[in-house]
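Novice: sequence and predicted structure, then a few things I'm wondering about:
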Amino acid sequence: MPGIVIGLTGGIASGKSTVANILKEKGIPIVDADIIAREVVEIGSETLNKLVETFSPAILHNDGSLDRAALGSIIFHNEEKRQLLNSIMHPSIRKRMKEKTAQYLQEGYSVVVMDIPLLFESKLTHLVDKTIVVYVDEEVQLKRLMERNTLSKDEALARIHSQMPLKEKKNLADFVIDNNGSLNETTTQLQEIIQKIQA
Ligand SMILES: CC(C)(COP(=O)(O)OP(=O)(O)OC[C@H]1O[C@@H](n2cnc3c(N)ncnc32)[C@H](O)[C@@H]1O)[C@@H](O)C(=O)NCCC(=O)NCCS
Ligand SMILES: Nc1ncnc2c1ncn2[C@@H]1O[C@H](COP(=O)(O)OP(=O)(O)OP(=O)(O)O)[C@@H](O)[C@H]1O
């Protein structure tokens, strides 16, 4: 019986990693796009060199590593530059995500989760069998993002508005987790969804 691939998505700071960690504790492997996005821009990588050519060496720290805050302040305030960034980074991220997912399925896992923030924006739903959206109200999302990343309201809103509205994603999902409440409430919803998917 081939394994089921679940696409986990939501909005920035909506709780995808929090949900992914609960799944990890259940022994379900997670293929995390954000982690892979860090791997593909390691010092000396072709992708990082392309980013420097495109956005200038101002996006590097003195040690040659990517200054994530510097690049973020450029692309989250400029749609054209964000699309340019995506065209440079997404092919290698997507390739590596597919490889990791295929590897877990080959190892015999019955469920594999792909944690992809831009699952719907990047039209990647063909890679997964079922989708789960982690939903929060925008004011909760804004508060949690500002607190977690110590961002100004303006910076946090720029990031939130660089993605498809969560209300839209909610309507596209096979399953929705309402993460406005406690971690326990989120865990209960997740357990019910996993039981339905594995049934
Ligand atoms: C711009 C970067 C360097 C900022 O790094 P930073 O450490 O501040 O953020 P981090 O990587 O933790 O991402 C935080 C969240 O931002 C959102 N986000 C990231 N990239 C994008 C993007 N291109 N468009 C919209 N939202 C994005 C996601 O919700 C992500 O979970 C980084 O976000 C990045 O490399 N983005 C491009 C890769 C990408 O598109 N990742 C999403 C894969 S689906
Ligand atoms: N149910 C909850 N109650 C309170 N705080 C929460 C809850 N879920 C998540 N958080 C907190 O909100 C913040 C964002 O959660 P998390 O990092 O899981 O979101 P994310 O969707 O993975 O974010 P990103 O898009 O940046 O990857 C974190 O500080 C997390 O601890």
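Specialist: Perfect, I can see it now. These numbers come from a predicted model, not from an experiment. Numbers count the residues shown, from 1 in each chain. Ligands and ions are numbered 1, 2, ... in the order given.
Novice: helix or strand: which one has Gly181?
Specialist: For Gly181, there is no helix or strand it lies in under DSSP states H and E.
Novice: and Gly7, by the same measure?
Specialist: Element membership for Gly7 (DSSP H and E) is strand 4-10.
Novice: now the longest helix belonging to the chain: buried residues?
Specialist: In the chain, with assignment by DSSP state H, the single longest helix is helix 79-106. Applying a neighbour-count criterion of 16 or more other Cβ atoms under 10 Å, one finds 84-85, 88-90, 92-94, 96-97, 100-101, 104-105 buried in helix 79-106. Backbone N, C-alpha and C define where each C-beta goes, glycine included.
Novice: rewinding a little: could you export the strand holding Gly7 as CSV, CA atoms only?
Specialist: Only the C-alpha atoms of strand 4-10 are listed here, as CSV (Å, rounded to 0.1, in the frame of the first residue of the first chain):
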residue,chain,number,x,y,z
ILE,A,4,-0.1,9.0,1.7
VAL,A,5,1.6,12.4,1.1
ILE,A,6,0.0,15.3,3.1
GLY,A,7,0.6,18.9,2.1
LEU,A,8,0.7,21.0,5.3
THR,A,9,0.3,24.7,4.7
GLY,A,10,-1.1,27.9,6.2
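Novice: so is it next to ligand 2?
Specialist: Yes - applying Cβ under 6 Å from any ligand atom, one finds strand 4-10 touching ligand 2 at Gly10.
Novice: wait, does the helix or strand just after that strand contact ligand 2?
Specialist: Proceeding N to C from strand 4-10, the next assigned helix or strand is helix 16-25, under DSSP H and E. Yes - contact of helix 16-25 with ligand 2 (Cβ under 6 Å from any ligand atom) involves 16-18.
Novice: quick one: name the residues of this structure near ligand 2.
Specialist: Near ligand 2, when you scan the chain using Cβ under 6 Å from any ligand atom, you find 10, 12-18, 34, 117, 144, 148, 179, 182-183, 186.
Novice: rewinding a little: between whichever helix or strand comes after the longest helix of the chain and helix 16-25, how many degrees?
Specialist: Following helix 79-106 in sequence order, the next helix or strand is strand 111-115 (DSSP H and E). Put simply, strand 111-115 runs at 160 degrees to helix 16-25, going by axes from the mean of the first three to the mean of the last three Cα atoms, to 10 degrees.
Novice: top of the residues of helix 16-25 next to ligand 2 by number of neighbours, please.
Specialist: Counting neighbours by other Cβ atoms under 10 Å, the top entry in these is Lys16, with 27 neighbours.
Novice: for ligand 1, see how far away it is.
Specialist: Distance, Lys16 to ligand 1, using Cβ to the nearest ligand atom, to the nearest Å: 7 Å.
Novice: what helices and strands are in contact with the strand holding Gly7?
Specialist: helix 16-25, strand 111-115, strand 130-135, helix 166-172, helix 183-198 (3 or more Cβ pairs under 8 Å, 6 or more residues apart in numbering; DSSP states H and E).
Novice: okay, the ones you listed in a markdown table with mean pLDDT next?
Specialist: Listed next are the helices and strands packed on strand 4-10 as a markdown table, based on pLDDT from 0 to 100:
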| stretch | mean pLDDT |
| --- | --- |
| helix 16-25 | 97 |
| strand 111-115 | 98 |
| strand 130-135 | 98 |
| helix 166-172 | 97 |
| helix 183-198 | 96 |
